[in-house]
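Colleague: sequence first, then the predicted structure, then my questions.
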Amino acid sequence: MGKKLYVGNLPFGVTDRDLEELFAQAGVCESASVITDRATGQSRGFGFVEMGSPADAQNAIQQFDGQDFKGRPLKVNEARDRERSGGGGGGGGGQRGGWKRHY
């Protein structure tokens, strides 16, 4: 169990500070960050929290996953490293919608 948590389904008005104050109730909250759209600055509805220890992280998951926060049920789980989460986008090989490649 790591110390970094993914927090999803955040209300769009939530700030880093709001997230930090909430997760401090479960243990030592080292950092909290709401992810925003680069172009607009608008929250993307999720963020990351780093807890002080794996035990604090587990406590936060148990305490806040599914818990209502400002009218929305939070989704809290251990954050996955980008390398392990499977590649990004990628074009669609194969045939779609009846279209065929002719060589």
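Modeller: On my side now, so go ahead.
Colleague: pretty sure S31 belongs to a helix, no?
Modeller: No. Counting by DSSP: H, G, I helix; E, B strand; the rest coil, one finds S31 to be strand, located in no helix.
Colleague: for it, give me its contacts.
Modeller: Listed by C-beta atoms under 8 Å, 6 or more residues apart in numbering, the contact set of S31 reads E20, F48, V49, E50. C-beta coordinates here come from the backbone N, C-alpha and C atoms, glycine included.
Colleague: can you lay out those as JSON lines showing neighbour count?
Modeller: Listed next are these as JSON lines, based on neighbours: other C-beta atoms under 10 Å:
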{"residue": "E20", "neighbour count": "15"}
{"residue": "F48", "neighbour count": "15"}
{"residue": "V49", "neighbour count": "28"}
{"residue": "E50", "neighbour count": "18"}
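Colleague: check these and tell me the two furthest apart.
Modeller: The largest distance within the contacts of S31, taken as C-beta to C-beta, falls between E20 and F48 and amounts to 11.3 Å.
Colleague: who touches both of those two?
Modeller: Residues touching both E20 and F48 (C-beta under 8 Å, 6+ apart) are S31, A32.
Colleague: one step back: among the contacts of S31, which lie within helices?
Modeller: Among the contacts of S31, the ones falling in helices (DSSP state H) are E20.
Colleague: strands of the protein, start to end?
Modeller: Counting by DSSP state E, the chain has strands at residues 4-8, 29-36, 43-51, 68-69, 72-73, 75-78.
Colleague: count of residues packed around the closest residue in space to Q67 that isn't next to it in sequence?
Modeller: Nearest non-adjacent residue to Q67, counting by C-beta to C-beta, 6 or more residues apart in numbering: L74, 5.5 Å away. Per other C-beta atoms under 10 Å, the neighbour tally for L74 reads 21.
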